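Undergrad: Sequence and predicted structure are below.
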Amino acid sequence: MNTELRHRLFPMLMVALIMALSGCASEPSVAPRGSGQPQKFVLPQHPGASIAASLVGTPYRYGGSSPRGFDCSGLVYYSYSKAGIRVPRTTQALMRNAHRIPLKQLQPGDLLFFKLGRKSVSHVGIYAGNGQFIHAPSRGKKVSFALMNDPYWRPRLIAAGRYF
């Protein structure tokens with residue numbers, strides 16, 4: 001088995017194992033990769049968020065919506081589709097069609113929308129719980145966890161939405 005395939009399969013197998021064991025043990029937790037933070041991360045119970053968490057480490061690819069590489073909305077589209085949840089493909093359409101929710105009511109699996117440039121919305125992530133979200137950040141980076149209250153992300157967060 002080549003190294004690249006092993007690096008992609010390992011996170012998925014670990015998530016599956018932890019989810020299987022969670023019915024008879026305390027809540028599983030892992031340290032978020034790429035966050036640089038020592039906080040505990042509780043694996044999200046939302047199926048789309050769990051799938052996204054299993055893809056941490058996948059490279060960013062503009063227009064990508066497969067495990068070969070993701071952009072931010074491609075990660076949401078792929079993760080939700082694999083979980084049986086139909087969502088639009090673009091960040092703008094995701095925000096336009098989501099049921100808006102206040103940040104106080106966030107649950108794992110909800111979407112977080114950010115304004116990074118001139119567009120009204122230009123980035124999306126999946127809320128994972130514990131103040132963290134999963135996203136495909138930008139070129140040269142990989143799918144990773146980030147903190148909502150990070151000095152970069154906090155002022156750029158403009159909305160939250162939910163798909164049922």
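TA: Thanks, I have the structure now.

Undergrad: now this structure, which segments are flagged as low pLDDT?
TA: 1-43 (pLDDT under 70).

Undergrad: who's in contact with the residue nearest the centre of it?
TA: Here the mean C-alpha position of the chain is nearest to the C-alpha of residue 134 (CA atoms, centre = their mean), at a distance of 2.7 Å. Residue 134 sits next to 49, 52-53, 55-56, 75, 125-126, 128, 143-146 when contact means CB atoms under 8 Å, 6 or more residues apart in numbering. From N, CA and C alone the C-beta is placed, and that goes for glycine too.

Undergrad: Can you tell me which of these is closest to residue 65?
TA: Among the contacts of residue 134, residue 75 lies closest to residue 65 (CB to CB), at 7.7 Å.

Undergrad: Residue 106 is in contact with residue 157, correct?
TA: No: Residue 157 is beyond contact range of residue 106, at 10.8 Å (criterion: CB atoms under 8 Å).

Undergrad: Identify the contacts common to those two.
TA: Common neighbours of residue 157 and residue 106 (CB under 8 Å, 6+ apart) are residue 112.

Undergrad: Distance from the chain centre to stretch 53-69, please.
TA: 11 Å (CA atoms, centre = their mean, to the nearest Å).

Undergrad: Repeat that for stretch 152-164.
TA: On CA atoms, centre = their mean, the centre of stretch 152-164 falls 12 Å from that of its chain.

Undergrad: Look up phi and psi at residue 48.
TA: Taking degrees, to the nearest 10, you get phi -60, psi -40 for the backbone angles of residue 48.

Undergrad: Could you tell me which of the contacts of residue 134 count as buried?
TA: 49, 52-53, 55-56, 75, 125-126, 128, 143-146 (16 or more other CB atoms under 10 Å).
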